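Novice: the sequence and its predicted three-dimensional model are supplied below.
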Amino acid sequence: MEMIPALGSALAGLLQEAAHGAAGAAGQGAAHGAGQAAGDHGGSFTPILPGLILLIPLIGAAVNGLGAFLWRDRRLVPSWVGPLAVGGAFAVVLANFLRMLETGAAGPAVVTLWSWLSVGGLEVGVDLLFDRLSMVMMLVVTGVSTVIHVYSAGYMRDDPGISRFFAYLNLFVFFMLVLVMGGNFPVTFVGWEGVGLCSYLLIGFWYENAEYSSAGKKAFIVNRIGDFGFLVAMFLLFAMFGTLDYVPIIESAADELAYGGITVTAVTLLLLLACTGKSAQIPLYTWLPDAMAGPTPVSALIHAATMVTAGVYLVARSGVLFAMAPMSQAAVATVGAGTALFAATIALKQYDIKKVLAYSTISQLGYMFLAVGVGAYTAGIFHLTTHAFFKALLFLGAGAVIHSVEHAFHEQGHHGDPNDMRSHGGLMSVMPVTGTTMWAATLAIAGVFPFAGFFSKDEIIWYAGSYGYPILWGVSLVAAVLTAAYMARLMFMTFHGENRTDEAAGQGASSALHEAPAVMTVPLVILAVLSVVGGWIQIPEALPLPHVSWLHDWLHPAVEPALAVAEEHGVEAAHAAPLGGGEAVWAGVSLVLAVGGIVAGAAWVRSKEILVPERAADDRGLARVLNRKWYVDELYERVFVGPLLALSRACWRVVDDRIIDGAVNGLGYAGRALGWVGSRLQSGRIGTYVLVFTLGVLAVLGGLVL
């Protein structure tokens with residue numbers, strides 16, 4: 001109950017701040033002005049209606065949440081309110097981006113909405129940080145989320161829980177914006193926990209299904225492990241700096257901390273633990289594939305624009321701390337490269353179209369961790385941005401496929417799995433828009449020129465080698481080949497070859513297949529365009545193309561403190577890869593490998609007879625191992641889950657049931673026995689009372705005499 005007035009105060013503060021507008025924001029906040037953390041670059045920047053960015057999706061969540069009980073038509077209103085709420089936030093973010101672009105401001109502008117905590121030396125405000133890094137993240141979060149919300153209006157149209165769905169979806173975006181806009185670690189942590197809560201609600205959205213509900217709980221519990229690391233890291237940071245605000249920590253880290261010291265290494269390793277949970281990296285990645293239990297737009301939102309990118313963002317935001325801890329940086333890079341390769345191998349033998357994309361996300365997040373781990377922060381954010389475009393497209397396209405196949409199955413009364421690619425095939429002829437746009441996303445994630453992934457992923461591979469990580473560089477190249485192969489396998493099993501829906505569901509099923517409605521295909525086209533041109537904001541000078549360095553120039557002030565630390569300690573990129581040759585040479589090699597992977601994946605599919613799930617034999621050998629995901633879930637079940645359940649049952653049956661309950665029940669039995677003894681003394685016979693009284697007097701007198 002204590003949360004209700006707190007939430008009321010927070011909402012009132014947001015309303016008051018939004019009403020005051022930019023002038024009010026400048027009066028309350030602008031606590032640190034522009035240019036303090038990274039030098040005085042450009043002019044000053046005053047955010048435009050900063051509180052409104054958070055307020056609009058929060059109001060959307062409230063309206064959709066309450067609306068399920070207030071209006072008769074539970075489909076029309078949320079289908080408009082949900083997308084408009086996030087679209088409104090995107091409009092305000094875009095206005096702030098254009099203002100920042102116009103002023104040329106580079107340093108952070110911190111807006112304090114209200115004071116939150118004041119305990120001893122700890123002062124925490126509800127601060128919003130506007131700098132070039134947070135601006136990129138806000139654009140990605142709100143922009144891609146708007147497209148996903150529009151798509152969701154068509155995908156969830158017939159679901160009776162659509163109002164609740166959009167309430168959760170709007171709330172998800174709200175908390176992700178809190179995370180990326182937070183001006184200090186505690187505010188970021190609120191958003192961090194908020195997206196964890198919303199992921200639980202959305203993954204288990206169809207809670208009547210016990211398996212889906214368990215998947216939501218798994219995501220929630222696994223992330224709590226990482227969140228413990230975040231909390232302890234904050235305690236240590238406060239002990240070191242006396243504050244948890246980003247700006248003063250970034251400004252003083254290089255002077256206050258010892259390079260490679262135990263404390264900064266401990267803090268960054270704890271933050272890495274938190275990031276492996278939220279961004280699904282080894283060893284805490286197992287929740288993300290199971291998160292496919294939620295509606296497909298949820299998968300797109302989690303994988304592309306919100307939750308899983310939080311870990312990459314936190315490492316980039318705390319870049320100066322990681323730059324001061326070379327061992328932690330190496331750990332980040334190693335975890336990232338290992339995850340990229342490991343997840344790619346699993347994706348090779350999955351048959352659920354969403355599971356393939358889930359492991360693809362884990363793998364691509366590994367590339368981002370590799371980038372920020374070697375110190376190429378802008379390359380990591382670059383790939384985060386392009387990945388948001390083509391991964392959202394892949395998931396939404398997969399949703400359109402599932403939507404169509406499920407309809408065909410329903411027409412035939414078939415209860416098979418519409419996600420299984422073995423039941424697809426030949427869908428390009430009936431779903432040309434979906435197939436064509438997904439091919440654009442496939443070529444982008446594979447790293448084929450001129451699609452977005454060619455520029456962003458190859459830049460990460462190049463930096464991994466040029467920063468002196470030859471093994472990780474080789475691992476990233478192998479993972480890139482596997483990425484192209486498993487994505488080609490997905491596309492050819494789904495859209496090419498013979499149609500297998502008739503065989504899976506019965507004759508006539510294929511005639512029920514159809515292209516998705518415009519409300520679902522238009523978002524696919526928008527994301528396809530972004531998947532093509534999204535990488536052109538950063539074209540290396542080494543390539544025989546017009547040199548473009550907009551994103552690197554834009555983000556440089558935000559990552560400059562970390563780069564300065566690295567340069568001071570002699571960490572800088574070389575001009576050649578481990579085997580020699582410049583960036584242009586290895587970009588060409590990566591392109592050849594990507595095309596080779598696509599050809600190999602296509603050839604593999606065409607060389608096999610694909611049987612529908614009911615007729616397909618179980619995989620054997622290495623294929624079985626990959627299909628069972630290297631048995632990691634089974635390993636965790638035996639090593640962690642099983643013993644924990646056994647310990648819990650022992651505590652229940654021995655400690656709780658026998659010792660605690662036994663003691664309490666024993667006292668009850670003792671009281672009952674004492675009462676029985678007392679009742680025996682209450683016989684109603686006067687002679688007995690006189691005898692007992694006499695014996696008592698004699699006992700007292702005997703005691704006095706002795």
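Specialist: Nice, thanks for sending it over. Numbers count the residues shown, from 1 in each chain.

Novice: so how far is Ala343 from Phe97?
Specialist: Taking Cβ to Cβ, to the nearest Å as the measure, Phe97 falls 33 Å from Ala343. Every C-beta, even on glycine, is put in place using the N, C-alpha and C of the backbone.

Novice: whoops, I mixed them up, Arg672
Specialist: Arg672 is 62 Å from Ala343, by Cβ to Cβ.

Novice: which one of those two is surrounded by more residues?
Specialist: Ala343 (29 against 10; other Cβ atoms under 10 Å).

Novice: please pull out the lowest mean pLDDT helix or strand from the protein.
Specialist: helix 3-28 (a mean of 43; mean pLDDT, DSSP states H and E).

Novice: tell me which other helices or strands the helix or strand just after it touches.
Specialist: Once helix 3-28 ends, the next helix or strand along the chain (criterion: DSSP states H and E) is helix 50-70. Counting contacts by 3 or more Cβ pairs under 8 Å, 6 or more residues apart in numbering; DSSP states H and E, helix 50-70 packs against helix 3-28, helix 76-103, strand 109-119, strand 122-130, helix 162-181.

Novice: and with 6 Å instead?
Specialist: helix 3-28, helix 76-103, helix 162-181 (3 or more Cβ pairs under 6 Å, 6 or more residues apart in numbering; DSSP states H and E).

Novice: now the closest residue to Ala371 other than its chain neighbours, what's its secondary structure?
Specialist: Using Cβ to Cβ, 6 or more residues apart in numbering and skipping residues adjacent in sequence, the residue nearest Ala371 is Gly380, 3.4 Å away. Secondary structure assignment for Gly380 (DSSP: H, G, I helix; E, B strand; the rest coil): helix.

Novice: which residues touch Gly380?
Specialist: Each residue near Gly380 by Cβ atoms under 6 Å, 6 or more residues apart in numbering is listed here: Val312, Met368, Ala371, Val372.

Novice: in the chain, which segments are predicted with low confidence?
Specialist: 1-43, 68-69, 71-74, 573-577, 579-581 (pLDDT under 70).

Novice: rerun that using 50 as the cut-off
Specialist: 1-12, 14-41 (pLDDT under 50).

Novice: flag every buried residue along stretch 507-519.
Specialist: Using 16 or more other Cβ atoms under 10 Å as the test for burial, stretch 507-519 gives Ala509, Ser510, Ala512, Leu513, Glu515, Ala516, Val519.

Novice: which one of these sits closest to Thr286?
Specialist: Ala516 (31.2 Å; Cβ to Cβ).

Novice: and that closest one, backbone torsions?
Specialist: Main-chain torsions, Ala516, degrees, to the nearest 10: phi -70, psi 160.

Novice: and Gln538, by the same measure?
Specialist: phi -150, psi 90.

Novice: right, and it touches Leu551 too?
Specialist: Yes: between Gln538 and Leu551 there is a contact under Cβ atoms under 6 Å: 4.5 Å.

Novice: compare neighbour counts for these two and give me the winner.
Specialist: Gln538 (24 against 20).

Novice: show the contacting residues for Val356.
Specialist: Val356 neighbours (Cβ under 6 Å, 6+ apart): Ala347, Gln350, Leu490.

Novice: overlap in contacts of Gln538 and Leu551?
Specialist: With Cβ under 6 Å, 6+ apart, Gln538 and Leu551 have common neighbours Phe382.

Novice: before we move on, back to that, so which of the contacts of Val356 belong to helices?
Specialist: Using DSSP state H, the members of the contacts of Val356 that fall within helices are Ala347, Leu490.

Novice: got the contact list for the one helix or strand Met520 maps to?
Specialist: Met520 is located in helix 518-533, with elements delineated by DSSP H and E. For helix 518-533, the external contacting residues (Cβ under 6 Å, 6+ apart) are 147, 150-151, 153-154, 389-390, 392-393, 396-397, 400, 433, 437, 440-441, 444, 451-452.

Novice: just checking, which of those residues belong to helices?
Specialist: 147, 150-151, 153-154, 389-390, 392-393, 396-397, 400, 433, 437, 440-441, 444, 452.

Novice: just to revisit the earlier point, for the helix holding Met520, list the C-alpha coordinates in PDB.
Specialist: Only the C-alpha atoms of helix 518-533 are listed here, as PDB (Å, rounded to 0.1, in the frame of the first residue of the first chain):
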ATOM      1  CA  ALA A 518      -1.500  -3.700 -44.300                       C
ATOM      2  CA  VAL A 519      -1.300  -2.700 -40.600                       C
ATOM      3  CA  MET A 520       1.300  -5.500 -40.300                       C
ATOM      4  CA  THR A 521       3.100  -5.300 -43.700                       C
ATOM      5  CA  VAL A 522       3.600  -1.500 -43.700                       C
ATOM      6  CA  PRO A 523       5.800  -1.800 -40.500                       C
ATOM      7  CA  LEU A 524       7.800  -4.500 -42.300                       C
ATOM      8  CA  VAL A 525       8.400  -2.300 -45.300                       C
ATOM      9  CA  ILE A 526       9.600   0.600 -43.000                       C
ATOM     10  CA  LEU A 527      12.000  -1.700 -41.100                       C
ATOM     11  CA  ALA A 528      13.200  -3.200 -44.400                       C
ATOM     12  CA  VAL A 529      14.200   0.300 -45.700                       C
ATOM     13  CA  LEU A 530      16.000   0.900 -42.400                       C
ATOM     14  CA  SER A 531      17.700  -2.500 -42.700                       C
ATOM     15  CA  VAL A 532      19.100  -1.400 -46.000                       C
ATOM     16  CA  VAL A 533      20.100   2.300 -45.400                       C
END
